[in-house]
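Trainee: Sequence and predicted structure, then a few things I'm wondering about:
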Amino acid sequence: MPTYLMRKRTRRNERGFLLLVLACGILLLGNIALAQMYLPEPPPEPSEYGKVILDNHSKAGPGAVVFDHWLHRSKFTCRLCHVDIGFAMQANATGINASTNREGFHCGACHDGKRVLEGKTIFAACSDAANDKQCDRCHSLGKKGVRKYEYNKFTAKFPKSFYGVNWEEAERSGVIQPIDFVEGLSVKTPKMQNRKDFSIAAGYSWVHPIGFSHEKHSIWNGCELCHPEIFPAGNRGTIRHTMYSNVEGQYCGACHGKVAFPLNNCQRCHPKGPVWAP
């Protein structure tokens, strides 16, 4: 082959290789961008995880309220607050304010200055008689030394996992005994007959199946918190939830990634070893 033809072919091959590298680079960047869109972000510090800032009515007055889920879930089940008392699962959907608290709704359902918990009277929320220091126990955003409980000290004896308190183990071992009934608020119902645990096939062959336990979830949530709003009733396999939808806050992501252990903790949902029988 003439030398000029060999050089021409070489240049063509080089251009082809560069185009291939460029295409791979574009695909790689595209996949990285896609991963950044759908992979769970690293969770915050355990003391900050599940923190809710209530500031709809904080432009005037004592300031924004800081609500720590880790403090309240050590005393009460999720179902009690989100079903019996009626706290919405969506931000700004509850309509909580000082008046509703004083009338015995929302925080005032328990924080009424009368209800007793563990031998102590729960302080009244938004009481007209409360002094500024008492108000600061809740309206604590940006204020130092006003909170009564500090995460590390409060949870020092709680079993821990990589992402903070292992609440399931804390409940199972008796370290905490969350209350699921409040007189005057809750309705007495017969003990729920838990459905059996089952496995859910993952969408990829290299991912272990999901192990789901109705019993574990029902201890905290009952049935009403998940069904039918988060998981509509239907035949098995008809609800097509994916990791993408979970990361976006749907289905499992309604709690996991906000309050319950985060989606980054893969092995808690995709356990290695024997698969639970359906």
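Mentor: Cool, got the structure.
Trainee: show me the contacts for Val187.
Mentor: Asp84 (C-beta atoms under 8 Å, 6 or more residues apart in numbering). All C-beta spots, glycine's among them, are computed from the backbone N, C-alpha and C.
Trainee: Next one, pLDDT for it please.
Mentor: For Val187, the model assigns a pLDDT of 89.
Trainee: Could you look up the SS state of it?
Mentor: Using DSSP: H, G, I helix; E, B strand; the rest coil, the structure places Val187 in coil.
Trainee: any idea how far it lies from Phe181?
Mentor: Per C-beta to C-beta, to the nearest Å, Val187 is found 9 Å from Phe181.
Trainee: Let me see the domain layout of this structure.
Mentor: Following automatic domain parsing, one gets these domains for the chain: 51-161, 190-278.
Trainee: mean pLDDT lowest for which of the ones you listed?
Mentor: When I compare the domains of the chain, domain 190-278 is least confident, with a mean of 83.
Trainee: So for Ile176, which of the domains of the chain sits nearest?
Mentor: domain 51-161 (5.0 Å; C-beta to C-beta).
Trainee: if we can go back for a sec, export the domains of the chain to TSV and append columns for distance to Trp167.
Mentor: Below are the domains of the chain laid out as TSV (distance: least, C-beta to C-beta, whole Å):
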stretch	distance to Trp167
domain 51-161	7
domain 190-278	8
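Trainee: quick one, which of the ones you listed is nearest to Glu45?
Mentor: Of all the domains of the chain, domain 51-161 sits nearest to Glu45, with 8.5 Å by C-beta to C-beta.
Trainee: Can you give me the end-to-end span of the closest one?
Mentor: Using C-alpha to C-alpha, to the nearest Å, one end of domain 51-161 lies 19 Å from the other.
Trainee: which residues in the stretch 51-200 of the chain form helices?
Mentor: 69-72, 78-79, 98-102, 132-136, 151-154, 167-173 (DSSP state H, counting those that start in this stretch).
Trainee: which residues touch the second one?
Mentor: Looking back up the chat, that one is helix 78-79. Under C-beta under 8 Å, 6+ apart, the answer for helix 78-79 is 180, 220-222, 224-225, 255, 259.
Trainee: What are the boundaries of the strands in this protein?
Mentor: Under the criterion DSSP state E, strands of the chain are mapped to 51-54, 65-68, 116-117, 120-121, 160-161, 164-165, 198-200, 210-212.
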